[in-house]
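Q: Have a look; sequence and predicted model below, questions after that.
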Amino acid sequence: MSELPLFPTTTVGSFPKPPYLLEARRKRLRGQIEPEELRKLEEQATREWIQRQEELGLDVLVDGEMYRGDMVAYFADEMEGFAIAGLVRSYGNRYYPKPVVTGPVGRKRPITVDWFRFAQSLTGKPVKGMLTGPYTIAEWSFNEYYPTRRELVMELARAIHEEAVDLERAGARFIQIDEPAIHTRPDEDFELAREAMEIVTDGLGAYTITHVCYGDVPRIYPRMLDLPVRQIDLALKNEDFALLEVFRKHPFTKDIGLGVIDAHSHRVESPEEVLDGIRRSLAVFAPEQVYVSPDCGLKTRTTEEAVGKLRSMVEGARRAREELRSGTLAPR
Amino acid sequence: MRTTHVGSYPKIPDLPAPGRWRTAAEKLQRGEITREEFRRVEDEVTREAIADQVEAGLDMVTDGQIRWEDGQTYFARRMSGFSIDGLQRWFDTNVYYRQPVAEGPVAWREAITVEDYRFARAHSPKPVRPVVTGPYTLARLSQNRYYRSFGEFVLALARALNQELHALDAEAPPLVQVDEPAILHHREDLPLFREATAALLEGVRSPVALYTYFGDARGLLSAFAEMPFHAVGLDFVAGPRNWEVLEAEGFPADRRLGFGILDARNTRLETVDEVLRALDRLSRVVSLDRVDLGPSAGLEFLPRRAAKAKLVRLAEVKRAALEVTR
């Protein structure tokens, strides 16, 4: 990606939906508006986010996922073999729709490709193709059909691979496969998740990324480096860069998507804080390895918080570049 | 054979029915209703959870743990010595809990489960079993910033929870269930677990059941059976090796077995025949009149309709089993 600057800035995928879109989604659920009307508003919101990302000066853009609800249920809804069971509590009063696998899973048609094309048509900057990984889709669904988790994960891997190939054909140069559930059973299942990722990214020419968040990353490190992707995107900020200690012991051999912004706090970080995070990370990464990003998707923030956080992130990365050029960027 | 629930129950009904608990929790957070008003919603939902279990035909029920934010915070926030920290994954589930942190000596301050138990008993025609998170599991899932060793922390919690069991004694519950899933993943801690159990049960008069789930009791079952528990609960879904363990080690004739055989974490509904076959296999090791048939764990992993279906299936299996033996 020769045209990208050092410390390219990007995001993890989701942005907050504007109030008019939230309202339209509620109306659609109640059958009060037609799908076409909802689609128009989703497109409008996507345009707004593409424009905002360009104005902020981000280097690798996302479509913001204005048309997705939950990251697993969205794919389940669009695929064969799934039904939606109902809401399940994850913590506090947070609930998520948990799909049920009721038959052989597979794609009916491309899932995200139209949205990718639409978003990419709005900008000259690269837009990432955004997929949820097979292990996470399987882990966050009920399985009433496949005799084993392995069979379900492998079948999903083939479907997500087809989707990745279609994204690449549509022009995606960056493809991100999110696996936030990958450390659910770190000993028993990591190898399964790795094999599944091998199927997903097999033969792709695009720059591949996986995003992992929450949970026990040290438990799957350094095995994590065996994942067949170019970049691993991780949340460092919300634990104040504690993971750097883990990477110090065993060198991080891939590019790092360096989470420098807490996606779950209301506080807007300062550019200095971002710069400081990048400085600290250079104790274990070469500058060329580092992509700068928030810890996680920003969809739970307000638009103002998200924009404020990203503005600081882009500015912090810019200062880091400048310091590096002038030779004053010292790892801490 | 008895049919029994062993823990949590979904707090909200399936869509499109309104999720009153969820709405009330949001309002409480925004300060739009008082704690007292929220408690009344919890009361109503607890009654729903009990009604579902009773309608399904269970012999023994729980209060559905509607008032539990999770199995750790519910206890830690009412004991002294703890602060409550960030979210952690609860075992290998997609459920998260706020992690308690021992900042000073942990101690029992007030009855934690007693009022909730009284409420449930008053609203249930069937016997209710209160559930208490055991000291070992509570310590494992917490952070220790005060005690010099993990062992000291566990024993301090065992002494604190012993007072909770004494408080429950005054209510004369038919059975108190102590949950200790964490020990399955730390077999090496069996000596500590034994010591903690002695402290936990000291002077307790109520029958106490030890419940484990999310794994098997390899290398532990015989030791559990020697401890003064009235019953031992095992998960035969996430811990299929419990079959071998049970068949190899046997099970004492003076204990009840909590037979967790319906998958609490998957919507797939087991057939009556499937469970009857499992009971047949079980009957070669444990006399069925000493079996408490139940789900493999609490049912809050499921949407409510699926959870209710599991409860109904438990009662159907029992009826079918009685036919077979008649």
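A: Nice, I can see it.

Q: what's the burial count for the residue in the stretch 51-200 of chain A that chain B sits nearest to?
A: Among all residues of the stretch 51-200 of chain A, A:G86 sits closest to chain B, at 2.8 Å; criterion: Cβ to the nearest Cβ. For glycine as for every other residue, the C-beta is placed from the backbone atoms N, C-alpha and C. Neighbourhood size, A:G86 [other Cβ atoms under 10 Å in any protein chain shown]: 22.

Q: Can you classify it by secondary structure?
A: With DSSP: H, G, I helix; E, B strand; the rest coil as the basis, A:G86 sits in strand.

Q: Quick check: the gap between the closest residue in space to it that isn't next to it in sequence and A:A76.
A: Computed as Cβ to Cβ, 6 or more residues apart in numbering or on different chains, the closest residue to A:G86 that is not its neighbour in sequence is B:P303, at 2.8 Å. With distances taken as Cβ to Cβ, to the nearest Å, B:P303 is found 14 Å from A:A76.

Q: ok now do B:R22, which residues does it touch?
A: By Cβ atoms under 8 Å, 6 or more residues apart in numbering or on different chains, the contact set of B:R22 is A:93, A:95, B:11-12.

Q: so who does whatever residue of the stretch 201-332 of chain A ends up closest to chain B touch?
A: Taking Cβ to the nearest Cβ, chain B has its nearest neighbour within the stretch 201-332 of chain A at A:G215, 5.3 Å off. A:G215 makes contacts with A:180, A:183-184, B:89, as judged by Cβ under 8 Å, 6+ apart.

Q: Note down every partner strand of the lowest-mean-pLDDT helix or strand in chain A and its orientation.
A: Within chain A, no helix or strand scores below strand A:79-91, which has a mean of 92 by mean pLDDT, DSSP states H and E. Within its sheet, and counting by DSSP bridges, strand A:79-91 is paired with strand A:94-107 (antiparallel).

Q: what mean pLDDT would you report for the strand it pairs with?
A: Summarised as a single mean, pLDDT over strand A:94-107 is 96.

Q: cool, and stretch A:290-307?
A: Mean predicted lDDT for stretch A:290-307 stands at 97.

Q: Now do the helices in chain B.
A: Taking DSSP state H as the criterion, chain B contains helices spanning B:20-29, B:35-56, B:73-76, B:114-122, B:135-140, B:150-169, B:190-201, B:221-226, B:242-249, B:272-283, B:304-325.

Q: nope, chain A is what I meant
A: Under DSSP H, chain A gives helices at A:19-29, A:35-56, A:73-78, A:113-121, A:134-139, A:149-169, A:186-201, A:243-249, A:271-281, A:303-325.

Q: Format the ones you listed as JSON lines; extra columns: mean neighbour count and distance to B:V154.
A: As requested, those are exported to JSON lines (neighbours: other Cβ atoms under 10 Å in any protein chain shown; distance: least, Cβ to Cβ, whole Å):
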{"stretch": "helix A:19-29", "mean neighbour count": "14", "distance to B:V154": "47"}
{"stretch": "helix A:35-56", "mean neighbour count": "17", "distance to B:V154": "50"}
{"stretch": "helix A:73-78", "mean neighbour count": "20", "distance to B:V154": "40"}
{"stretch": "helix A:113-121", "mean neighbour count": "18", "distance to B:V154": "52"}
{"stretch": "helix A:134-139", "mean neighbour count": "28", "distance to B:V154": "31"}
{"stretch": "helix A:149-169", "mean neighbour count": "20", "distance to B:V154": "33"}
{"stretch": "helix A:186-201", "mean neighbour count": "20", "distance to B:V154": "24"}
{"stretch": "helix A:243-249", "mean neighbour count": "16", "distance to B:V154": "28"}
{"stretch": "helix A:271-281", "mean neighbour count": "20", "distance to B:V154": "36"}
{"stretch": "helix A:303-325", "mean neighbour count": "19", "distance to B:V154": "41"}
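
Q: Pull the contacting residues for residue 193.
A: Went with chain A since none was named. Going by Cβ under 8 Å, 6+ apart, A:A193 touches A:133, A:135, A:153, A:179, A:182, A:227.

Q: My question was about chain B, not that one.
A: Listed by Cβ under 8 Å, 6+ apart, the contact set of B:F193 reads B:136, B:180, B:183, B:223.

Q: Run a quick neighbour tally on the third one.
A: Looking back up the chat, that one is B:I183. Around B:I183 there are 24 residues (other Cβ under 10 Å).

Q: State the distance from it to B:T137.
A: Taking Cβ to Cβ, one finds B:I183 at 7 Å from B:T137.

Q: Now do residue 286, the pLDDT please.
A: All of this refers to chain A. We note a pLDDT of 96 for A:A286 in this prediction.

Q: oops, I was thinking of chain B
A: Model confidence at B:V286, given as pLDDT, is 97.

Q: So which bits of the stretch 151-300 of chain B are right by chain A?
A: B:266-268, B:300 (Cβ under 8 Å from any Cβ of the partner chain).

Q: Including pLDDT and neighbour count, could those go into a markdown table?
A: Below are these laid out as a markdown table (pLDDT from 0 to 100; neighbours: other Cβ atoms under 10 Å in any protein chain shown):
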| residue | pLDDT | neighbour count |
| --- | --- | --- |
| B:N266 | 97 | 20 |
| B:T267 | 97 | 25 |
| B:R268 | 97 | 15 |
| B:E300 | 97 | 25 |
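
Q: Quick check: A:L6 touching A:E323?
A: No. Taking Cβ atoms under 8 Å as the definition, A:L6 is not a contact partner of A:E323, at 10.9 Å.
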